[in-house]
Each structure stands twice: as C-alpha cells, then as structure tokens.
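[1] task: produce atomic coordinates for the following.
(2 chains)
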Amino acid sequence: MAVLAHSATADIAGHLATVALPVHEDLREPENGLVMVRGRVGGDGAPFNLGEATVSRAAVRLSTGEVGFGYTLGRDREKARLIALCDAMVQSEKFVGAIEGQVVAPLRAAMIEGRNRKAAEAAATRVDFYTLVRGEG
Amino acid sequence: MYVAVKGGERAIENAHRLLAHERRGDRDVPEVSLAQISEQLSLGVDRVMTEGSLYDRELAALAIKQARGDLIEAIFLVRAFRATLPRFGATEPVDTGAMQVRRRISSTFKDIPGGQILGPTFDYTHRLLDPQLADGFAPDTPATGEVSTGATPRVTDILGRDGLIEPSPVADASAPIGDLTREPLSFPADRDLRLQNLARADEGFLLALGYSSQRGYGRNHPFAGEIRFGEVEVEFVAEDAGFAVPLGSIALTECQMVNQFKGSATEAPCFTRGYGLAFGQSERKTMSMALVDRSLRARELGEEVVAPAQDEEFVMSHSDNVQATGFVEHLKLPHYVDFQSELGLLRKLRKEFVEANETPPMREAAE
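    Below you'll find the model as predicted:
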C-alpha cells in the first residue's frame, strides 16, 4: 500500500487497466479530510502536533466479500478509491498475483528509481573535506 | 438607542470586481498556473503550508495566487479552509531519523556519519541578481553522485550516546498531546503546545525573537547541531482498517540547536537543546523556532527570565500572524460610533479645560 500511496493516480489507473477488474462497490464513498501530523520533541522525544495534512479515504467491497481500505495524502478521492480497490483485490487469491505483478511491481520500480535519482542528486552535493598540510620547507 | 446604518453594498461588489481585475493584472500577460507557483515559487508554498498549518502544496499555491502573493493573506485562506474538512485523526509521530535526506549539514561536527550534504541551498551563492533568469533560462540537469548506503543518524543522537547532551523528554503515554486548534491557550504551556505554536508562528516574528536571543536578550547563542531537509513517511492508524496505513511522504525541515550546559549536584553537566520542525524546506523558520524553543525553556532550566524570547505568554500570544493581522487590520473597519463617543468626550474635556483656565482671573477679579 505504501507504493500505491506514493504513486500518481494516473499511473495506478493505467496499470490497473491491464487487470480484469472484479465486480465491486463503494463501501464508503471516497471523502476528503485532515490528519494531524505529529512530530517528536528533539526528533526522538515526546510527540507534539506539528500541523495538519489533507487526506482522502475510501472503502471498497468486492462482490466476493473482500473489503479494502484506501488512505492517501492529498485531496484526490479517485486515488483513495483505486488504493481501496487494490487493497481488496490483494486479499482475493484470484487477484493477488495480478495486483502484485501488474500494478504494484512496476509502480514500486518507478518509485525506487525516483528515490535513487533524488538520492544521487543529493549525493553529488556531499562535501569532501581535505586537510591543507602546513609546509615546513 | 441603537441605530443601524446600511450602505456600501454596491461599492463592496465593485471593489471585489476591481480586486479580481487587479489580481489578474495585464491580460496580455499569461496567467500564472498553480503548478508554476508550486514548482517555481516552492519556498513561498512551503511557508504558507507551515504557517497555514496544512500540508497541501496545491492548496497553498491556490492561496498564494488568490492572495496576489501576499503570504500572510494566503496563510489566512489556508487556515480558513481547514475548518471545512473533518479530521480523521492524528498520524503516528514522524521519524525524522529515517528521513530521505536531500540536505543535511552540521556546524558542530565536520565528519558526521553520512556526511555533509549541501542539497539545494542559497548558501554559498553570491547573492547577485542573475540577469539570465530574466529572459528564460534552462538549467543544466543536476549532477549525480554515488549514494552511500550508510545511515544518517541525528547529530544529537551521536552526542546522546556519550551522555554529552540532555535526552529528549520521554513520552508520557497517559498525558494528552496539547492541541491549540482545539483548546484555547492557557499558561503555563507545556513544550508540546509551545512547539505546535512555534511551528505555526510567523517566520519574521520568530526570526526577530531568535535574533534577539542571540544578541544577548536572554543569552542564547548556540551551535547549529544539525539542519536536515528531506522526505519522511507518514503513517496513520485507521480505525476501520485496524492497523497503521501508509499515507505517503511529506517534506520536512528539522533543526537541532546545541546550547550551553546545565548540570546540578546530582547530574553531570551536559549540553541543552532547542528544536525546530516545519513543513517543506523552511530553514530560517526551523532555526528561529529552535532558538525560541530553547529560550522558552528558561524556567525549566532554572534561568532568569529577563527577555521577551523567554516569556512564553508574550511569545505564544503574539506569534500567530493570522490572529495578529486580524486584530491590526480590524482597525480598517468602521468605528464611526466609537469614535463619535470619544470625540464627544474630548470636546467635553477641552471645554472643562478652557473653563478651568478662565476661572482663576475672574475669581481674583471678584475678590
């Protein structure tokens, strides 16, 4: 689910289009809301409320009974619905392979590639200190 | 007797129309898009998210556009938007130690594990205007380097291992976490409430207070233990799902200030610390926040409270730019009746003054 939360709606929908979807319904209409983001004093101490973030959530039920939940940052309700649908399908033996192979795996690869690129850009700005040896002659 | 006065509806309507026209500016100039604001004025967006206390880049960009670039007005708009949505709950506290670091510097240790990573920064630029930017300019693609697989521990964690710095306050599971958006401020305020207030506080106000503490008003001239900026994962315990669900990641800046010692008869002396955390890349904000956080701990650390930056009631009551702007700008609204009553009082006082000054010679004459 972490991979889906990091992916763009159009990318999730694009990969999901390659899977034959089961009959399903919205158990909870997708909706927007807020979560309070918490930090910790000193980075590792007692928690405090930093500020809120927008989130979307949805719940989807397959006709075979599996219930999936979708939560994601931002106000894109469709993305929450797609995540919920994937979550429900992952619980079905019939679809788990397709979701993992055709949706999550390519999105995971794209996510890792994006992260690696950012990490490599940051790494190029790493400082290499060198010592100037004082000459004695 | 109360007399209602009406009028100005048409003037207000036309003022709104004129505002919309001025906001758009010269119609021969292409309209600015939210994506352009979000991507190219990103630090303004970060400030609006931080002080608006709402992480949503697109909404912050919309607010900046609607406010014609007035960031405090944009922060006001974002704060007002928060009231339109339900709150689903609170996230698990973010783990900044696991941040995907884009920038991370320490001015206390040269050779920190994980290294000094400059990232995207104005530091070391010459601060000379660049005429190239005026007529469109395509930058080079960023250089890439070999990514180290080592961890990037927080500098304070490294100092903490040897007991050289005070530990962070431990979470008390039974104590509720203060939330000033739900309960009015009361004093004395605990550190969780103070940090929430400082995170939302006006950057300029905190900068001035932090600066004052550095200059000696409250004696607080620390070292920047570490400043880091990057992405952290956010998790939320969803009641319906019954477990922590990943929501995605947000960009945060964290600053750890290392200050002078405290100790006692029973505790060995160690460094003390101030903490800053904000949405997006907000270095000036988090540094100022960390300076003021440390100043506000004066009482707890047994320091004499002599300066504004150490006075939590002063700081917390005046730090919020939306509240401050509301009270200052309300002076623009009609005060005709109030003023008339003051004017009447002043006329009466002046009349009495004149009479008082005229009477003595007359009395003398009478005598």
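[2] show residues contacting whichever strand or helix holds B:R10.
    B:R10 is part of helix B:9-24, with elements assigned from DSSP states H and E. Helix B:9-24 is contacted by residues B:E31, B:Q66, B:R68 when judged by Cβ atoms under 8 Å, 6 or more residues apart in numbering or on different chains. The C-beta positions use only the backbone N, C-alpha and C, and glycine is treated the same way.
[3] so where's the chain uncertain?
    As the question left the chain open, I've gone with chain A. A:136-137 (pLDDT under 70).
[4] was after chain B, sorry
    For chain B, the ranges with pLDDT under 70 are B:1-3, B:5, B:359-367.
[5] what are the boundaries of the strands in it?
    B:54-55, B:87-90, B:100-105, B:223-238, B:243-262, B:270-279 (DSSP state E).
[6] residue of chain B closest to chain A, please.
    B:S168 (2.7 Å; Cβ to the nearest Cβ).
[7] switch the contacts of helix B:9-24 over to JSON lines; also include distance to B:P246 and neighbour count.
    Output for the contacts of helix B:9-24, formatted as JSON lines (distance: Cβ to Cβ, whole Å; neighbours: other Cβ atoms under 10 Å in any protein chain shown):
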{"residue": "B:E31", "distance to B:P246": "36", "neighbour count": "9"}
{"residue": "B:Q66", "distance to B:P246": "32", "neighbour count": "14"}
{"residue": "B:R68", "distance to B:P246": "37", "neighbour count": "13"}
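[8] of these, which belong to helices?
    Judged by DSSP state H, the contacts of helix B:9-24 include B:Q66 as members of helices.
[9] tell me where chain A has strands.
    Going by DSSP E, chain A shows strands at A:24-40, A:47-62, A:67-73.
[10] okay if I get these as CSV plus distance to chain B and mean neighbour count?
    Putting these into CSV (distance: least, Cβ to the nearest Cβ, whole Å; neighbours: other Cβ atoms under 10 Å in any protein chain shown) gives the following:
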stretch, distance to chain B, mean neighbour count
strand A:24-40, 4, 19
strand A:47-62, 4, 24
strand A:67-73, 4, 25
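[11] now distance to B:F187 too, for those, in JSON lines please.
    Listed next are the strands of chain A as JSON lines, based on distance: least, Cβ to Cβ, whole Å:
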{"stretch": "strand A:24-40", "distance to B:F187": "22"}
{"stretch": "strand A:47-62", "distance to B:F187": "17"}
{"stretch": "strand A:67-73", "distance to B:F187": "34"}
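[12] for B:S282, which non-adjacent residue is spatially closest?
    In space, and not counting its chain neighbours, B:S282 is closest to B:T253: 4.8 Å by Cβ to Cβ, 6 or more residues apart in numbering or on different chains.
[13] wait, B:R57 sits on B:M49?
    Yes: the pair B:R57 and B:M49 qualifies as a contact (Cβ atoms under 8 Å) at a distance of 7.0 Å.
[14] who has more neighbours, the two?
    B:M49 (29 against 23; other Cβ atoms under 10 Å in any protein chain shown).
[15] can you tell me the closest non-neighbouring residue to that one?
    Using Cβ to Cβ, 6+ apart and skipping the chain neighbours, the partner closest in space to B:M49 is B:F279 (4.4 Å).
[16] and B:P142, how close does it get to B:G25?
    In this view, B:P142 and B:G25 are 33 Å apart by Cβ to Cβ, to the nearest Å.
[17] tell me which of these two has more neighbours.
    Neighbour totals were compared for B:P142 and B:G25, and B:P142 leads with 14 against 11 (other Cβ under 10 Å).
[18] pretty sure that one is touching A:A123, no?
    No: contact criterion Cβ under 8 Å: B:P142 and A:A123 do not qualify, at 10.5 Å.
[19] contacts only, for the closest residue to B:T156 other than its chain neighbours.
    Closest residue in space to B:T156, ignoring its immediate chain neighbours: B:Q256 at 4.9 Å, by Cβ to Cβ, 6+ apart. Each residue near B:Q256 by Cβ under 8 Å, 6+ apart is listed here: A:42-43, B:154-156, B:224-227, B:273-276, B:290.
[20] could I get the residues you listed as JSON lines with distance to B:I112 and neighbour count?
    Below are the contacts of B:Q256 laid out as JSON lines (distance: Cβ to Cβ, whole Å; neighbours: other Cβ under 10 Å):
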{"residue": "A:G42", "distance to B:I112": "17", "neighbour count": "27"}
{"residue": "A:G43", "distance to B:I112": "14", "neighbour count": "24"}
{"residue": "B:R154", "distance to B:I112": "9", "neighbour count": "23"}
{"residue": "B:V155", "distance to B:I112": "6", "neighbour count": "26"}
{"residue": "B:T156", "distance to B:I112": "11", "neighbour count": "25"}
{"residue": "B:A224", "distance to B:I112": "12", "neighbour count": "18"}
{"residue": "B:G225", "distance to B:I112": "10", "neighbour count": "26"}
{"residue": "B:E226", "distance to B:I112": "8", "neighbour count": "26"}
{"residue": "B:I227", "distance to B:I112": "12", "neighbour count": "23"}
{"residue": "B:R273", "distance to B:I112": "16", "neighbour count": "26"}
{"residue": "B:G274", "distance to B:I112": "19", "neighbour count": "26"}
{"residue": "B:Y275", "distance to B:I112": "18", "neighbour count": "26"}
{"residue": "B:G276", "distance to B:I112": "18", "neighbour count": "29"}
{"residue": "B:A290", "distance to B:I112": "18", "neighbour count": "29"}
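[21] which one of the residues in chain A is closest to chain B?
    For chain A, Cβ to the nearest Cβ, closest residue to chain B: A:G45, 2.7 Å.
[22] count the residues that sit near the closest residue to that residue other than its chain neighbours.
    Distance criterion Cβ to Cβ, 6+ apart; nearest residue to A:G45, sequence neighbours excluded, is B:S168 at 2.7 Å. Neighbours of B:S168 under the rule other Cβ under 10 Å: 20.
[23] one step back: list just the nearest of the contacts of helix B:9-24 to B:Y211.
    Distance to B:Y211, by Cβ to Cβ, is smallest for B:R68 among the contacts of helix B:9-24, at 28.8 Å.
[24] and the closest one, its phi and psi?
    phi 60, psi 30 (degrees, to the nearest 10).
[25] can you tell me which residues contact it?
    Here B:R68 is in contact with B:E22, B:R23 (Cβ under 8 Å, 6+ apart).
[26] how about a cut-off of 6 Å?
    With contacts defined as Cβ atoms under 6 Å, 6 or more residues apart in numbering or on different chains, B:R68 is in contact with B:R23.
[27] which helix runs longest in chain A?
    Longest helix of chain A, by residue count under DSSP H: helix A:105-123.
[28] buried ones in it?
    A:P106, A:L107, A:R108, A:A110, A:M111, A:K118, A:A119, A:E121, A:A122, A:A123 (16 or more other Cβ atoms under 10 Å in any protein chain shown).
[29] swap in stretch B:64-78?
    For stretch B:64-78, by 16+ other Cβ under 10 Å, it's B:I64, B:K65, B:A67, B:L71, B:I72, B:E73, B:A74, B:I75, B:F76, B:L77, B:V78.
[30] same deal with stretch B:29-37?
    Buried, per 16+ other Cβ under 10 Å, within stretch B:29-37: B:V32, B:L34, B:I37.
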